[in-house]
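# Below are the sequence and a predicted model; questions follow.
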Amino acid sequence: QKEVEQDPGPLSVPEGAIVSLNCTYSNSAFQYFMWYRQYSRKGPELLMYTYSSGNKEDGRFTAQVDKSSKYISLFIRDSQPSDSATYLCAMSGGTGGFKTIFGAGTRLFVKA
Amino acid sequence: DGGITQSPKYLFRKEGQNVTLSCEQNLNHDAMYWYRQDPGQGLRLIYYSQIVNDFQKGDIAEGYSVSREKKESFPLTVTSAQKNPTAFYLCASSNTASNQPQHFGDGTRLSIL
């Protein structure tokens, strides 16, 4: 079993839709949770960074962490064609120390 | 602007050749990392360094080497021993204090001629 599981997609939605991206993980010791956005031929860009359980909102983006279920989500409201990218979840902390484990990424297409 | 610069953007390697990928950061981060990204797979850690003149192997270090002579620089050499080097290589950096997230450069795509 992989430490982090993420559906590769692709996920295709119409412009303006609410997008839900998810990851599950197996290591209950993880404490820090991140979402990165990666455009084609570019490096990942940090979108959201949260500690422990709960919600965090930044503009159209909301990150949720449910440590009891080992499940994290990223919601994108009013999705735009410019949101079309691959979204990587990542986590670190606990027994893994500072090392970060990345999901394989979900490819999102937002159609105009 | 602070950031991480990787060069070159594209690189081609001949059989039996070693090639070096450059990574420079001006974020004053202590830690630097090299990852390999293949289609459909998560980022795999090759090497990391938490301090100058010290580095550790990651999960897939065979066929690669690094150095960390300066805080700002962490070059990666892909040696001829790496039999499947074609991939997208990403360099990242972070502050090791308080588990700060990693920030990435824009990668180098390495291909075999």
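That came in fine, so what should we check first?
# Buried ones in stretch B:54-73, by neighbour count?
B:55, B:58, B:61, B:64, B:65, B:66, B:68, B:71, B:72 (16 or more other Cβ atoms under 10 Å in any protein chain shown). Every C-beta, even on glycine, is put in place using the N, C-alpha and C of the backbone.
# could those residues go into CSV alongside distance to chain A, secondary structure and pLDDT?
Below are the buried residues of stretch B:54-73 laid out as CSV (distance: Cβ to the nearest Cβ, whole Å; DSSP: H, G, I helix; E, B strand; the rest coil; pLDDT from 0 to 100):
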residue, distance to chain A, secondary structure, pLDDT
B:55, 14, strand, 96
B:58, 8, coil, 94
B:61, 14, coil, 97
B:64, 17, strand, 97
B:65, 20, strand, 97
B:66, 16, strand, 98
B:68, 16, coil, 97
B:71, 17, coil, 97
B:72, 17, coil, 97
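# Pick out whichever of these sits closest to residue A:107.
Nearest to residue A:107 out of the buried residues of stretch B:54-73 is residue B:58 (Cβ to Cβ; 25.1 Å).
# so who does that closest one touch?
Contact partners of residue B:58, counting by Cβ atoms under 8 Å, 6 or more residues apart in numbering or on different chains, are B:33, B:34, B:44, B:45, B:46, B:47, B:48.
# In a markdown table, list those residues along with secondary structure and pLDDT.
A markdown table is the format used below for these (DSSP: H, G, I helix; E, B strand; the rest coil; pLDDT from 0 to 100):
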| residue | secondary structure | pLDDT |
| --- | --- | --- |
| B:33 | strand | 96 |
| B:34 | strand | 98 |
| B:44 | strand | 94 |
| B:45 | strand | 95 |
| B:46 | strand | 97 |
| B:47 | strand | 97 |
| B:48 | strand | 95 |
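# overlap between those residues and the residues near chain A?
Contacts with chain A within the contacts of residue B:58, as defined by Cβ under 8 Å from any Cβ of the partner chain: B:45, B:48.
# Show me just the buried residues among the contacts of residue B:58.
Buried among the contacts of residue B:58 (16+ other Cβ under 10 Å): B:33, B:34, B:45, B:46, B:47, B:48.
# so the third one bridges to which residues?
Counting by DSSP bridges, residue B:45 forms beta bridges with residue B:35.
# distance of the residue in chain B that chain A sits nearest to from residue B:30?
Using Cβ to the nearest Cβ, the single residue of chain B nearest to chain A is residue B:104, 3.6 Å away. Relative to residue B:30, residue B:104 is positioned 16 Å away (Cβ to Cβ, to the nearest Å).
# between the two, which one's more packed in?
Taking neighbours as other Cβ atoms under 10 Å in any protein chain shown, residue B:104 and residue B:30 compare with residue B:104 leading, 22 against 16.
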